[in-house]
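Novice: Give me a model of this one.
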Amino acid sequence: MATALTILIAIAAFIVAIAILVGIHEFGHFWVARILGIKIIRFAIGFGKPLWTYKSKDKDQTEYVLAAIPMGGYVKMLDEREGDVDPSEKHRAFNTQPVWKRFLVVLAGPVFNFIFSIAAFALLMMMGVDSVRPYVGDIAPNTPAAKSGFEIKDKIVAINDIEIESMRQVRLTLLNEYLIDPKLTIHVETRSGSQASRSLDLSNTALLADEGDYFLKTGMDFWRPPVSSISVGKVLPKTAAEVAGVKADDKLVSVDGEKVVSGKFFSEYINAHAGKSVQLGIERKGDNIVLAITPRLTEYEGKKRGQIGVGLVANYAEEERKDLFFTRKASFGESLKFGVTETYDLSIMTLKVMGRLITGKASLKNISGPGTIASFAGKSALIGFSAFLTLMAIVSLSLGVLNLLPIPMLDGGHLMYYIIELVKGSPVSERVEAIGVRIGMGIVGVLMVVAIYNDLDRFTSWIAS
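Specialist: All right, here's what the predicted structure looks like:
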């Protein structure tokens, strides 16, 4: 079972991430409105009971609020539609501003989310991104990859003339290009060092038909060198491993007398022995120790399995490690360029996937809600700062894209109204706005129901993991 500590970390990480990202979004609205001379009455992060309030000492006396439920926020501006406005301050009311000012204020929220993503990706690149070179591994027979002639240890160097360095770039670029045209040209460097091109036709392969790993659906996996040994990276508290006395950095030598040859072998053996005592042979600081451990019965994706609560680390020969693993790092200018490119590419890919969802070419299972975000937030926080910052960058740009959709209620819906106002020379009627709000609430409501359903469907699996 997932520990209470793990769940608390997930909740805390989710709250921190959402509070920061909502704060950045609302600060965009706030900052641009202030610059344009619009009076701000309240700047709030969260809803419900205020946990902290502060009123500025200037003439505007803006109220700053941090509320109990960190699932949103708002900037309340002076507006004649929401109450009486002193005639001396009418020129500072939001509704009296020319349409270009209102447009900029609304646009600023999503733009600040994109700016955060750019800055986060740039910072990650300056710090150094741990990466894996994209060698092709096992190839399943009668799959697109097999028909394309891929061979084990092919090194992918470009997809449709887009240069590739890492495994992560392969995954993102392949999906992005697939959403444009499912017929791809993959340039590789073979094991012998020669250059070759593979024509990968994914026309009859629905990569997004479910929430499974879309890369594996091509018929190939990434290559991993043979491991020299398997070690324990982390022992989760209050688990079978902790009770049995397993410690971090223990080298796994055997299980019930059988040599541990890979992390996969060890995991499958433990999965198959739920509730049964097994003899775990380990090496600790040069000493050989045998520990009795009983994997606890859990359930994942409807299947029963055993679990002891450890993270595994594959140890490779130094020569293989140098060939496979590397760090991507760049100067400030190159990192900033990377941040812009990464944010743009992921935003466009998000829009394409949304299009596939609308047309039914992608499964609704790909929609995630707050529960899934919390799960990933907790896991990334446990991994480290880089993983958590990466997640925040992705969620931030997703918020930016979502808020720009022309759906009434969202920023994009207001921007749509302002564009109509620019064209026709007058604002849309209150009746049209009221109808739009109902439509917007319906669309957002349906999306939330689907997202929460998917979260609940995943929750049982996550709570047992």
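
Novice: how about low-confidence regions in the stretch 101-250 of the chain?
Specialist: Across the stretch 101-250 of the chain, the ranges flagged by pLDDT under 70 are 211.

Novice: Which residue ranges of the stretch 101-250 of the chain form helices?
Specialist: Assigned by DSSP state H, counting those that start in this stretch, the helices in the stretch 101-250 of the chain fall at 144-147, 167-180, 240-244.

Novice: Residues in contact with the helix or strand just after the last one: which ones?
Specialist: The reference is to helix 240-244. On the C-terminal side of helix 240-244, the closest following helix or strand by DSSP states H and E is strand 251-255. For strand 251-255, the surrounding residues in contact (CB atoms under 8 Å, 6 or more residues apart in numbering) are 229-232, 259-260, 266, 269-270, 278-284, 288, 312, 315. Where you see a C-beta, it was placed from the backbone N, CA and C, and this is true even at glycine.

Novice: how does this protein divide up, domain by domain?
Specialist: For the chain, automatic domain parsing gives the domain ranges 97-128+329-465, 130-223+317-328, 227-316.

Novice: Any idea how far the first one is from the middle of the chain?
Specialist: To tie it back to what came earlier, the one meant is domain 97-128+329-465. Here domain 97-128+329-465 is found 11 Å from its chain centre; the criterion is CA atoms, centre = their mean, to the nearest Å.

Novice: Next: the shortest one.
Specialist: Offset of domain 227-316 from its chain centre (CA atoms, centre = their mean): 29 Å.

Novice: Between the two ends of it, how far is it?
Specialist: Terminal residues of domain 227-316 are spaced 5 Å apart (CA to CA, to the nearest Å).

Novice: The nearest residue to D138 once chain neighbours are set aside and F326: what is the separation?
Specialist: Distances taken as CB to CB, 6 or more residues apart in numbering put D221 closest to D138, at 5.0 Å, once the chain neighbours are dropped. Separation of D221 from F326 (CB to CB, to the nearest Å): 20 Å.

Novice: thinking again about what came up before, how about the domains of the chain in JSON lines, adding distance to I38?
Specialist: Shown next, in JSON lines, are the domains of the chain (distance: least, CB to CB, whole Å):
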{"stretch": "domain 97-128+329-465", "distance to I38": "6"}
{"stretch": "domain 130-223+317-328", "distance to I38": "39"}
{"stretch": "domain 227-316", "distance to I38": "50"}
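
Novice: Of the ones you listed, which is nearest I11?
Specialist: domain 97-128+329-465 (6.3 Å; CB to CB).

Novice: Mind checking which of the contacts of strand 251-255 are in helices?
Specialist: Using DSSP state H, the members of these that fall in helices are 266, 269-270.

Novice: Make a markdown table out of those residues and add distance to L405.
Specialist: What follows is the ones in helices among the contacts of strand 251-255, written out as a markdown table (distance: CB to CB, whole Å):
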| residue | distance to L405 |
| --- | --- |
| F266 | 46 |
| Y269 | 48 |
| I270 | 45 |
